[in-house]
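> kindly generate the corresponding structure for this input.
(chains A and B)
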Amino acid sequence: DSGVTQTPKHLITATGQRVTLRCSPRSGDLSVYWYQQSLDQGLQFLIQYYNGEERAKGNILERFSAQQFPDLHSELNLSSLELGDSALYFCASSVVDRAYNEQFFGPGTRLTVL
Amino acid sequence: AQSVTQLDSHVSVSEGTPVLLRCNYSSSYSPSLFWYVQHPNKGLQLLLKYTSAATLVKGINGFEAEFKKSETSFHLTKPSAHMSDAAEYFCVVSEYSGGGADGLTFGKGTHLIIQP
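Have a look, this model is predicted:
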C-alpha cells in the first residue's frame, strides 16, 4: 500500500458525459501528479500540482482539467468524454517538487466510456 | 526533452535464470532514472532509482540496475528469476530543469514472463 488513495476504483459512463476522479496523496506529500495509461498511448503524464498550484503540464487535453485543494487532495475533471478516453488514470504523489524524488502511485481509477 | 526506449516489449526467462531488461534514455539535463513494476490489475511500485550517486543501484526483491552515461543505458537485472517477478516493468526518466520538475516520462514497458 503506497498511501495514495484514489476514488472511485471503476467508473462507467457514456460519451459526452463529465466525470471527476479524486486523489488523496500520502500524508506530508505536497506534490500530486496525474497520469493516463491506455493500450495505444502507454503511460502518459497529464498534469502536476504542487501545494495547490499548477506546476507542470504534459499531454493533457483541453477537455480535461485538474485542481488541488487546500487539504492537498486533487481532482481530475474529464468532460465531453469520448470513447478514446477509456483508460486507467493514476494519481501519484511526492514530498517535494524535485526530479529525484520518487513518486508513489495510487491504485488507479479505471474509466470506461461507452 | 527527455525520452526512454525499452528495447524489448516482451522478455521470457525460466525460473531461476538471470533477468535482463534493457533501457536507453535521452535527457537534456542530468536525469534521475527509475524502474517501476506493475503487477496485473495493480498500481505502480518503485523498484529502484538512480539520482547521480552510485552508478550501480540496488533495489527491492533482488533487482539492480547500472547507470552507464557513455551508453545512455540503465538496464535492469536480477540474478535469479522467481515466478512472482512476472509483471510489466517500466523504465522512467525525470528531469529538473529549474522551472520545476516535469512529470515522469515512461518507456512503453517490458512484459516479463517467467517459465516454470
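> pLDDT wise, what is the residue nearest to the spatial centre of chain A at?
In chain A, the residue lying closest to the centroid (CA atoms, centre = their mean) is A:Trp34, at 3.1 Å. Turning to A:Trp34, the model gives it a pLDDT of 95.
> that one pairs with what?
Under DSSP bridges, the beta-bridge partners of A:Trp34 are A:Ile47, A:Cys91.
> ok, now which ones touch it?
Shown in contact with A:Trp34 (CB atoms under 8 Å, 6 or more residues apart in numbering or on different chains): A:23, A:45-48, A:60, A:66, A:74, A:76, A:89-92. Every C-beta, even on glycine, is put in place using the N, C-alpha and C of the backbone.
> repeat for B:Cys23
Counting by CB under 8 Å, 6+ apart, B:Cys23 makes contact with B:Val4, B:Thr5, B:Gln6, B:Leu7, B:Leu33, B:Trp35, B:Ser73, B:Phe74, B:His75, B:Leu76, B:Cys91, B:Gly107.
> what about the first one, distance to B:Ser30?
Read it as B:Val4. To B:Ser30, B:Val4 is 15 Å away according to CB to CB, to the nearest Å.
> more crowded one of those two?
Taking neighbours as other CB atoms under 10 Å in any protein chain shown, B:Val4 and B:Ser30 compare with B:Val4 leading, 22 against 12.
> ok, which stretches of chain B are helices?
For chain B, applying DSSP state H gives no helices.
> what sits closest to the residue in it that chain A sits nearest to if chain neighbours are left out?
Chain B approaches chain A most closely through B:Gly103 (2.9 Å), counting by CB to the nearest CB. Spatial nearest neighbour of B:Gly103, chain neighbours left out: A:Phe45 (2.9 Å); criterion: CB to CB, 6 or more residues apart in numbering or on different chains.
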